[in-house]
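Visitor: Fold the following for me, if possible:
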Amino acid sequence: MNKLMAAATLAALSLASCAGSDLGSGANTIDREYAKPASEIWSASLKSAEGAHLTLRSERHDKMGGEIVACRANGDEVRIDVISLTENSSRVSVRVGPGNRNLANMLQERIAEKAGLGTAKTGPFGGNSLDATYISNFEASVGLARRTLSALGVTPTGEETHASSANIDGRLKDSTPVRIRMEKSDEQRTRVTFISGNEKNDDNKQFALKMKDEFEKVALLKRGGN
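Guide: Predicted coordinates:
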């Protein structure tokens with residue numbers, strides 16, 4: 001009994017040591033699903049918390065998932081919950097008090113990278129891709145790419161824009177990374193590459209095609225609206 005009371009007291013002190021905890025409705029929680037077992041995602045989550053220089057207050061886990069409670073340097077509490085969905089899939093909920101969604105998203109991206117689900121890329125070891133050149137100036141094409149991912153329900157994760165090239169990144173519900181890359185061909189033409197996943201398979205091939213079809217649909221609607 002004394003051991004149980006001591007453990008409970010330690011847990012309470014750990015939670016109390018985080019100033020500014022946001023334990024309300026959960027509206028600021030960022031959830032993602034991963035096509036990886038809970039054991040792998042748990043390990044990735046713990047490494048991500050450590051890599052973000054958080055102060056670990058408590059952590060518990062079993063084969064069905066677990067919970068990490070940590071604090072930022074300013075005292076804000078960070079909670080990471082891992083839940084097993086199936087043998088090969090899991091869900092992660094990240095919450096940073098008080099309502100810091102940007103940091104929660106950043107931690108989810110760290111978890112994805114640690115789990116081997118980094119940014120979608122082309123090349124011999126990359127995901128499936130399709131490309132086409134469109135009669136559309138570079139700036140307009142970037143806007144079309146944003147609208148395409150939004151229409152497909154893709155969660156945005158980053159955007160990198162330069163004078164003649166741009167990458168719009170996102171993730172699917174199962175955290176598969178996707179990217180639409182634009183490269184300026186001339187003043188009125190843009191080469192667009194649609195990339196899905198980090199490995200070649202039928203699912204990634206189908207989603208790359210889906211992005212291309214949606215991009216062309218959005219472009220057609222925009223021209224019709226003009």
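
Visitor: what's the burial count for residue 164?
Guide: Residues within reach of residue 164, counting by other CB atoms under 10 Å, total 11. All C-beta spots, glycine's among them, are computed from the backbone N, C-alpha and C.

Visitor: now the lengthiest helix in the chain: how far from the chain's centre is it?
Guide: Looking across the chain with DSSP state H, the single longest helix is helix 202-225. Relative to its chain's centre, helix 202-225 lies at 21 Å (CA atoms, centre = their mean, to the nearest Å).

Visitor: ditto for stretch 77-92
Guide: 14 Å.

Visitor: Any buried residues in that stretch, and which?
Guide: Residues 77-85, 89-92 are the ones in stretch 77-92 that count as buried (16 or more other CB atoms under 10 Å).

Visitor: Can you pick out the most distant pair from those?
Guide: The most widely separated members of those are 77 and 89, with 27.1 Å between them, by CB to CB.

Visitor: how much space is there between the closest residue to residue 34 other than its chain neighbours and residue 198?
Guide: Nearest residue to residue 34 in three dimensions, chain neighbours excluded: residue 175, at 4.7 Å (CB to CB, 6 or more residues apart in numbering). Per CB to CB, to the nearest Å, residue 175 is found 11 Å from residue 198.

Visitor: Between the two, which has more neighbouring residues?
Guide: Neighbour count, other CB under 10 Å: between residue 175 and residue 198, residue 175 has more, with 24 against 19.

Visitor: what about the more buried one, distance to residue 213?
Guide: From residue 175 to residue 213 the distance is 22 Å (CB to CB).

Visitor: quick one, phi/psi of the nearest residue to residue 171 once chain neighbours are set aside?
Guide: In space, and not counting its chain neighbours, residue 171 is closest to residue 155: 5.0 Å by CB to CB, 6+ apart. Torsion angles at residue 155 (phi, psi; degrees, to the nearest 10) stand at phi -80, psi 120.

Visitor: Surely residue 155 and residue 174 touch.
Guide: No - using CB atoms under 8 Å, residue 155 is not in contact with residue 174; the gap is 11.0 Å.

Visitor: quick one: the strands in this protein?
Guide: 30-34, 55-62, 65-71, 77-86, 89-96, 128-135, 155-161, 165-171, 177-186, 189-196 (DSSP state E).

Visitor: Could you dump these into TSV with mean pLDDT and distance to residue 204 added?
Guide: Shown next, in TSV, are the strands of the chain (pLDDT from 0 to 100; distance: least, CB to CB, whole Å):
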stretch	mean pLDDT	distance to residue 204
strand 30-34	93	16
strand 55-62	94	30
strand 65-71	95	27
strand 77-86	96	20
strand 89-96	95	17
strand 128-135	96	4
strand 155-161	92	17
strand 165-171	96	13
strand 177-186	96	9
strand 189-196	97	4
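
Visitor: Ok, which of the ones you listed comes nearest residue 149?
Guide: strand 165-171 (4.9 Å).

Visitor: what's the angle from that closest one to strand 155-161?
Guide: Counting by axes from the mean of the first three to the mean of the last three CA atoms, to 10 degrees, strand 165-171 lies at 170 degrees to strand 155-161.

Visitor: Give me the sheet partners of strand 165-171 and which way each runs.
Guide: Looking at strand 165-171 with DSSP bridges, its partner strands are strand 155-161 (antiparallel), strand 177-186 (antiparallel).

Visitor: among these, which is the most enclosed?
Guide: Greatest average neighbour count among these goes to strand 177-186 (a mean of 21), per mean count of other CB atoms under 10 Å.
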